[in-house]
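Chemist: Structure, please.
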Amino acid sequence: MVWGFRLRHIGLKSVLTRLSGEKARLGPDPAQSLGRCLALASAARHSERWIASETQCLRRSLALMHLLLRNGLTAELVIGVKTKPFAAHAWVQAEGHVLNDTVDETRRFTPILVV
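Modeler: Numbers count the residues shown, from 1 in each chain. As a prediction, the model looks like this:
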């Protein structure tokens with residue numbers, strides 16, 4: 001819910017700028033652990049059971065990115081699109097591993113923005 005509020009009131013550009021700034025503050029090579037990233041992504045997935053999230057990929061991905069960054073872990077927020085029919089999708093990946101979606105689903109989209 002927080003991310004929906006932020007998107008509505010400060011806009012996507014400001015939200016992405018803030019996340020990018022948080023990521024930059026960690027530095028280029030923080031102590032990274034794919035296992036920790038996967039564990040936090042799993043915890044985030046379990047919390048989604050309490051909210052309707054089928055069409056909330058951007059909000060879910062922003063929340064996961066924020067959670068990872070708060071725990072000193074870097075990841076990439078990816079926004080992709082496809083045509084025929086047009087659709088957009090967002091997901092988070094770390095060290096080349098998709099954290100909050102399936103690889104098959106993300107392959108359907110062409111990345112247009114990576115934060």
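
Chemist: What are the boundaries of the strands in the protein?
Modeler: 76-82, 87-94, 97-98, 110-114 (DSSP state E).

Chemist: Which strands or helices does the first one pack on?
Modeler: Which is strand 76-82. Here strand 76-82 touches helix 57-70, strand 87-94, strand 110-114, going by 3 or more Cβ pairs under 8 Å, 6 or more residues apart in numbering; DSSP states H and E. Every C-beta, even on glycine, is put in place using the N, C-alpha and C of the backbone.

Chemist: Now do the buried residues in the top helix by length along the chain.
Modeler: Assignment by DSSP state H gives helix 2-26 as the longest helix of the chain. Going by neighbour count (16 or more other Cβ atoms under 10 Å), the buried part of helix 2-26 is 3, 6, 15-16, 19, 23.

Chemist: If we only consider the residues you listed, which is nearest to Leu58?
Modeler: Trp3 (7.7 Å; Cβ to Cβ).

Chemist: Farthest from the middle of the chain: give me that residue.
Modeler: Lys84 (24.4 Å; Cα atoms, centre = their mean).

Chemist: Apart from its neighbours in sequence, what residue is nearest Lys82?
Modeler: Excluding its sequence neighbours, the residue lying closest to Lys82 (Cβ to Cβ, 6 or more residues apart in numbering) is Phe109, at 5.2 Å.
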